[in-house]
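Asker: attaching a predicted model along with its sequence, questions to come.
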Amino acid sequence: MRRRPRAFNGPKRFAWASLAALLAAGPAFAVRAPANQRGDAARFGADATPETRVERGVSRRAMDAVEAFNRRNSGRHNLRFPGGLGLQGSRAATVAVKDVAEKFLNEGAEALGLNPAQLRLELGRSAGGLHHLRFEQIVDGVPVVFSNVRVHLRDDGSILSVRSSYIPGIDARPVPMINEISAAARVSADLPGSSPRGGGLVYFPNPEGGGALLAWRFKASGGGGRWVYYVDAKDGRILSRYNDLRFQVCSTSGTVLGNVFDVDPVTTPGPVVRPIRHQNVYVVDASSAIPTDDNGFYCDPDTIGKISTALQGPYVNVANFNVPNAHYDNGGGVWTTFATPISSPQPYPNSTIHFSTINAPVGAVKVLARFSTFDVGKVAQTAGEYTITDDDQVAVLDAAGNIVATYIGDNRGSFKSASVPGTQLRLRLQSDQDITHNGYTVNISSYLTLANSPTVADNQTATFTWTSARTQDATGDEINLFYHLNLMHDYFARGVNSGKAAKIDKPVPAMARVGPNLANAFYDPEHGNLTFGDVGNGFAFDATVVRHEYVHFVIDQIYPIINFGQFGAISEAFSDYFSASSLGRSAIGKFTASTFGTVGALRELDCVTHGGCTVFPTQWTGSVHEDSRMVSQALWEIRTQMITNLGAANGQSCADGVVWQSLFFFPDSFGDLLDAMLQVSANSATLVPACGANNSQNGLLQAQFSAHGIFSPTVDQDIYEPNDGIVSATDLSSASVISARIFPQADVDYYTFGAGPGEVRLTLGLPENASQPGTYQAYAMTLINSKYEIVAEGKPPLDLNPTLSGFCPDTNCRTSHSEFTLSYANPDRGQFFVMVRAPAGDTGFITNNNSTAFYSLRGDYKAFGPVASGIVSASFDNDLISFTVNVATYVHTQAYSFSYARLRDHRLNVLEGTQTNGPTPFVAFVSSHNALGRITGSVRLAPGFDARYSATGTVFLEIFAINSLGRIQSMGFSNAINLTSKQTSVKAFNNVFNPLKGQATTIKYETQSPGTVTLKLFTQSGRLVSTLIDSYQPAGKGSVDWSGRNFSGSVVASGIYLLQAQGPGLNETKKIIVVK
């Protein structure tokens, strides 16, 4: 159940930006750092200082490319998002945003140092006349994580700015020295009681810098989180782990109030009575919901009768983890039990979703399940805190499919669930790949009926106040949560998100008093729910914490956050800022801190008044919560100054608006965030009118960020920067060899590539120490898969100056090895990320090792296999080829749709002229369908294909897809396809060749029916030299090369060789001449 949401405090210093945040995460988007967080930060190096001013450079050539493009295309485009190509004429052409962006990328490819064919639109947002696109890099069908190109355009088609973390030259191949079972055993030993699951090989950025290490990546629950582990595939060492919410006549009416705290019991003593908004009220039955308004008032103009209600509504559903949720009715409600002999599979299988349905009798107003037994997932106590060690869970759903509560626990015994309105309740058991349990049984359930004249209204008692006495455990947590979560929804919906750019108008489940002894609160992006612990009332009664967690949910609707390093710190800073701004109070978690005996706030944003200002990178800790202050304090100072300059209303609107709009630039580093805010300021007259004229806030933004050590990215000699996060990863396939550097301290480099099943090898060439020739700077590699799981890690031997414990010193860590290779046995096709970083030291923190000298990175991996394809309609020169490819999906939409296809020959060389969106393609697009996480479709060969590609028999189909941002990426290649033939024959092309010059002959065979095909080479005396094919082949064409080598791999002697071809209807001999 717990995914290690984003915690409210976190570990210490960390240099590998992205992965650091994973280590520092705590529960995903949690409010307070768990006890183990600092230890893990130290253990795995999450406390190293990230790179500063030079972290994300944009070259002068790239800036020149923007200016040149804008000059050439001035007045030619009019953008609509999305749009189609308009007619050319006196007026500007109406085009899709992505078309203009792609045109710019194609024209500026050289200056930008990228290959446009490797870019695919991933994400797109439009706001205030600006269009923001993020293109991800895909090489040979495999996305390159941490590599993207962000293009920001105006409505007139001009380029506002471009930021690139594109990674040229990607190669890699991994072979593990220890197998998956052995690696899993290392995880189990490190996390007692866990059952590692999802094992797979990855490349993990070398902790000591330079390249990546092959590692096994696992998921495991326990020890206070839902962990992702990376185990060195060479020696079994744990490399890292991280913890991856109107006026009318009324027939029935009333007002709902609640006892709540405006901020918390210390800051604003109480409780006080406030109206409860957005609460669904039902009259007579549950056939329709009437939501309360801002004053807590509701009105049903049509139905007369008694009411029933709970702390549930269109935006929030609150439940209690231990007892039934709070309920009210004024109709003499009576709960009646009835038999419901249902159960889950016992035990239930791994990786499954099981539904059970409970139908109450007609006339029921509500229904709840009474669990007789419950053994789903597992909870324990670690370091005195509640810990989820197996993340299986049961969700309670209403008839509309909305989640109203979630439950977990091993051998919890009997308890009652939250109730749902109406006559139907559904239970959804969802298990992961971990150990399983015995599930649940529900022998009886309960339903509610209104016994006291349900069709007669009593508007006097239809008005009521929620008090702690009306809750099942008399705590009042549920009331305060419901009140503040709805207020925070409205703060966004009626303010910066009034245009509904973020889809937040849906019910978010929030569980109160989860435990026992859960000392945290968090948003879980995997399940989309909010959790508040049961230690005192420290979380539910602190409005700053409640609102903070809701902001995490809002951000998750804009773009996914990697909860570590600068990326995770930015997310925490946003959550702190909006929580504080909504309340007009700078202290975050003051009451929560007091429940743990701490004086003062968890984080104070107004450091000018209260002290404790933090500066980047000197005070970097590696904790996403502590490090977030470097940003949140700057944001608060900006807000304060804007209020002084513009007045209270305009000042806050300006500050909130600039911060909000910057989210749509998808910032993942501090420098990126400042740059995004400056770009918003440059267009503030349109984007944030409260700020005034364009660029009027630039000086303030730069001054306050620089006071905290944060500066705009500057030109830097490492052309791949910025690439210190997954979303900014450079495409490894863009160059055969990457040359980059780890500099300054806390720098970390991410690269991305796609690979089919098979070995992945990543080789990292280490920079030589100029002052000590023959010694090299030690770096580490980490390999991460598309699920952000570490699958492999490694570093070179530390054989020159290790510490007594065998780790790196904090600076100048050396090795005698000039390079090392990380290998991973990739079990399935997919996208990978490799992180290059400084190694860890004795404390487990990432060391400050860095160098201005450059490392090299190359990869070797299988590029084909991700696409399933085959001929469905065979006709010579007119084959119809179908395809299916799995793609990523988001909660609401599929991330990718078909863009185009092309063919490659048997050597995987591109067959020029076969791109389906080309001017006169020899392969024509027929159809495509995009749904349910798959792209399916078909293409057809065009007449004349055989004549144009006479030596081609075996081909591979490559599919390119486009994402919501208009970014086009290769989804990979199919396996071999033999095209349809009209004859039976064999031909040898280039049949006179010199193998010593790298030449080869291409042999093309054709058959009319399937069967065994053999292609063998003999000397003139009849001695067998080589067997090229001896296997069952489908009917059609096939092709294969012979490079002039025998069985042993040696080059044969000059002379005449006989090719004997046999197959269905085929028995021919051809001469081939080898000359040297």
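Answerer: Looks like it came in fine. Numbers count the residues shown, from 1 in each chain.

Asker: how is the protein partitioned into domains?
Answerer: Domain segmentation of the chain under automatic domain parsing yields 333-450, 864-978, 985-1074.

Asker: figure out which of those domains is closest to residue 812.
Answerer: domain 333-450 (35.6 Å; Cβ to Cβ). Heads up, the C-betas are built off the backbone N, CA and C, glycines and all.

Asker: endpoints of the closest one, how far apart?
Answerer: Taking Cα to Cα, to the nearest Å as the measure, domain 333-450 stretches 4 Å from start to finish.

Asker: work out the gap between that domain and the centre of the chain.
Answerer: Taking Cα atoms, centre = their mean, to the nearest Å, the mean C-alpha location of domain 333-450 is offset from the chain mean by 29 Å.

Asker: one step back: mind giving me JSON lines with the domains of the chain and columns for mean neighbour count?
Answerer: Converted to JSON lines, those look like this (neighbours: other Cβ atoms under 10 Å):
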{"stretch": "domain 333-450", "mean neighbour count": "19"}
{"stretch": "domain 864-978", "mean neighbour count": "19"}
{"stretch": "domain 985-1074", "mean neighbour count": "16"}
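
Asker: in JSON lines: the ones you listed, plus distance to residue 519 and mean pLDDT.
Answerer: Rendered in JSON lines, the data for the domains of the chain read as follows (distance: least, Cβ to Cβ, whole Å; pLDDT from 0 to 100):
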{"stretch": "domain 333-450", "distance to residue 519": "5", "mean pLDDT": "91"}
{"stretch": "domain 864-978", "distance to residue 519": "29", "mean pLDDT": "74"}
{"stretch": "domain 985-1074", "distance to residue 519": "62", "mean pLDDT": "92"}
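
Asker: how much space between residue 1013 and residue 736?
Answerer: Using Cβ to Cβ, to the nearest Å, we find residue 1013 at a distance of 35 Å from residue 736.

Asker: now residue 117
Answerer: Using Cβ to Cβ, residue 117 is found at 16 Å from residue 736.

Asker: out of the two, which sits in the more crowded spot?
Answerer: Set residue 117 next to residue 736 and count neighbours by other Cβ atoms under 10 Å: residue 117 wins out with 18 against 12.

Asker: assign that one to helix, strand or coil.
Answerer: Here residue 117 is helix, with the state taken from DSSP: H, G, I helix; E, B strand; the rest coil.

Asker: confidence score at it?
Answerer: You'll see residue 117 listed with a pLDDT of 87.

Asker: from residue 109, how far off is it?
Answerer: Distance, residue 117 to residue 109, using Cβ to Cβ: 9 Å.

Asker: then residue 663?
Answerer: Taking Cβ to Cβ, one finds residue 663 at 29 Å from residue 109.

Asker: for the residue nearest in space to the middle of the chain, what are phi and psi?
Answerer: Ranked by distance to the mean C-alpha position of the chain (Cα atoms, centre = their mean), the top residue is residue 560 at 5.0 Å. Backbone torsions of residue 560, given as degrees, to the nearest 10, read phi -70, psi 140.

Asker: again with residue 525
Answerer: For residue 525, the backbone dihedrals (degrees, to the nearest 10) come out as phi -70, psi -20.

Asker: tell me how many other residues crowd residue 455.
Answerer: For residue 455, using other Cβ under 10 Å, the count is 13.

Asker: now do the contacts for it.
Answerer: Counting by Cβ atoms under 8 Å, 6 or more residues apart in numbering, residue 455 touches 284, 304, 305, 306.

Asker: run a quick neighbour tally on the residue nearest to the last one when sequence neighbours are not counted.
Answerer: Sequence neighbours aside, residue 331 is the residue nearest to residue 306 in space, at 2.9 Å (criterion: Cβ to Cβ, 6 or more residues apart in numbering). Counted with other Cβ under 10 Å, the burial measure for residue 331 works out to 25 neighbours.

Asker: residue 331: what's it in contact with?
Answerer: Taking Cβ under 8 Å, 6+ apart, we find residue 331 in contact with 305, 306, 307, 308, 450, 451, 452, 453, 454.

Asker: hmm, try it at 6 Å
Answerer: Listed by Cβ atoms under 6 Å, 6 or more residues apart in numbering, the contact set of residue 331 reads 306, 450, 452, 454.

Asker: residue 626 in helix, strand or coil?
Answerer: helix.

Asker: contacting residues around residue 926?
Answerer: Residue 926 sits next to 938, 939, 940 when contact means Cβ under 6 Å, 6+ apart.

Asker: of the residues you listed, closest to residue 721?
Answerer: Closest approach to residue 721 among the contacts of residue 926 (Cβ to Cβ): residue 939, at 38.8 Å.

Asker: in the sheet, who's paired with that closest one?
Answerer: residue 881, residue 925 (DSSP bridges).

Asker: and it, how far is that from residue 919?
Answerer: Distance, residue 939 to residue 919, using Cβ to Cβ: 16 Å.

Asker: what do you get for residue 102?
Answerer: 16 Å.

Asker: same question for residue 1031.
Answerer: Distance, residue 1031 to residue 919, by Cβ to Cβ: 39 Å.

Asker: how about residue 486?
Answerer: Distance from residue 486 to residue 919, counting by Cβ to Cβ: 56 Å.

Asker: how much space is there between the nearest residue to residue 669 once chain neighbours are set aside and residue 721?
Answerer: Of all residues not flanking residue 669 in the chain, residue 566 sits nearest, at 4.5 Å (Cβ to Cβ, 6+ apart). Per Cβ to Cβ, residue 566 is found 13 Å from residue 721.

Asker: neighbour count: the two, which is higher?
Answerer: residue 566 (37 against 29).

Asker: nearest to residue 357, of the contacts of residue 331?
Answerer: Distances from the contacts of residue 331 to residue 357 were compared by Cβ to Cβ; the smallest belongs to residue 450, at 23.6 Å.

Asker: correct me if wrong: that closest one contacts residue 306.
Answerer: Yes: Residue 450 is in contact with residue 306 according to Cβ atoms under 6 Å; the separation is 5.0 Å.

Asker: ok, the residue nearest to residue 841 when sequence neighbours are not counted - contacts?
Answerer: Nearest non-adjacent residue to residue 841, counting by Cβ to Cβ, 6+ apart: residue 847, 4.5 Å away. Contacts for residue 847 (Cβ under 6 Å, 6+ apart) come out as 808, 810, 838, 841.
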